[in-house]
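# No sequence on hand, only this structure:
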DNA sequence: TATTGACAGTTCTAAAATAGAACTTATGGT
DNA sequence: ACCATAAGTTCTATTTTAGAACTGTCAATA
């Protein structure tokens, strides 16, 4: 697969993966949410090569996730800050952090704790249904084709059949 | 950076990225949640090379996200199914899909719609605070070092200082 | 009995991405 | 004049990935 075509796939996950679906992009975004903004600071805190960092920042700007704003003239220097589109990635970052907190921490415990300024308490993120407010689980969700669905699924008929039977048998 | 060491980083995001932070793993997991379970079905629906697919499945099994269970003897064949640890990735997948739905869809609209069986309605996922139930935004969250925090941050002093000032100035 | 097909991989080479270090350009300070 | 800061760019060596072909096991079929 050419990764350039990923963003045109008729799948919202694939398109998002085109933007954030590599290791460095997610780590760069974590730093953004921790208020890192400058080239050398990203480089120092992540240990990423300068080449890759330049490349990834360019990509994130191209996708409208980050914006370059000048913080000094002569020589002209820029900071990278999150756009609204970038800020909207917060639930993704938080759910990734939360999964790591639950399943990947060692004996020392969590590296970071999160305080919700609104209520003043340490919290975990919970994903709920926009309609009824109940926490979501994979098994309580049913998927329907939407208006942008592909006509012919790339999933083989045999696989589709098996998946369908499996879904019906639950 | 050697990616083998990523899972030992004192950062829950980095550790999770070690598991799911590459393009194919996320796409494979999407298929898992759509009830794809077999090698050739993954291969056919994703177009991934067999080599990479074998490698990624092995990795996901090693991390305890998938489990191989036999579905026939002679010849012995296995299916890959999500463990509880794997099912817990659902909020990550859903938040990625949702961001794509908001920011990456084309004129045709969403490829998939989600129905919450519990309430019967089409929904979007919303991330809320476990303590007060309010929707979360990056700006309403404050970060504290936890018990597993690294002693000396890899973030340079200069960057830390700038970040701190930025945080205080809000 | 020989042949075909399904399934789950493995092996091979060429192309692409990444790591790691050095280099460039512009400017300000001592 | 010399050094430091900042934000990149360029270079080669290594690693990863793409793409296709091949292997092994068994069941069903001719």
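Everything's here; your move. Please read these numbers as outputs of a predicted model, since none were measured by experiment.

# Which secondary structure state does residue A:71 sit in?
Following DSSP: H, G, I helix; E, B strand; the rest coil, residue A:71 is assigned to strand.

# Without its sequence neighbours, what residue ends up closest to it?
Among residues not flanking residue A:71 along the chain, residue A:79 sits closest, at 5.0 Å (C-beta to C-beta, 6 or more residues apart in numbering or on different chains). Just so you know, the C-beta spots here come from the backbone N, C-alpha and C atoms, and that holds for glycine as well.

# And residue A:90, by the same measure?
Once flanking residues are discounted, residue A:90 sits nearest to residue B:138: 4.4 Å by C-beta to C-beta, 6+ apart.

# Now do the residue of chain A most remote from its centre, the pLDDT please.
The C-alpha centroid of chain A is most remote from residue A:74, which lies 35.1 Å away (C-alpha atoms, centre = their mean). Looking at residue A:74, its pLDDT stands at 82.

# ditto for residue A:157
Looking at residue A:157, its pLDDT is 47.

# Is the most centrally placed residue in chain A in a helix, a strand, or coil?
Central residue of chain A (C-alpha atoms, centre = their mean): residue A:92, 4.3 Å from the mean position. Secondary structure, three-state DSSP: residue A:92 is helix.

# so who does it touch?
Neighbouring residues of residue A:92 by C-beta atoms under 8 Å, 6 or more residues apart in numbering or on different chains: A:16, A:20, B:92, B:95, B:96, B:99.

# Most neighbours among these, which one is it?
Neighbour tally across the contacts of residue A:92 (other C-beta atoms under 10 Å in any protein chain shown): the maximum, 28 neighbours, falls on residue B:96.

# How much space separates it from chain A?
With the distance defined as C-beta to the nearest C-beta, to the nearest Å, residue B:96 ends up 5 Å from chain A.

# which stretch of helix or strand covers that residue?
If you go by DSSP states H and E, residue B:96 is part of helix B:90-103.

# Quick one: mean pLDDT for that helix?
Helix B:90-103 carries an average pLDDT of 98.

# Quickly note the distance from the nearest residue to residue A:19 once chain neighbours are set aside to residue B:65.
Distances taken as C-beta to C-beta, 6+ apart put residue A:63 closest to residue A:19, at 4.9 Å, once the chain neighbours are dropped. Using C-beta to C-beta, to the nearest Å, residue A:63 is found at 27 Å from residue B:65.
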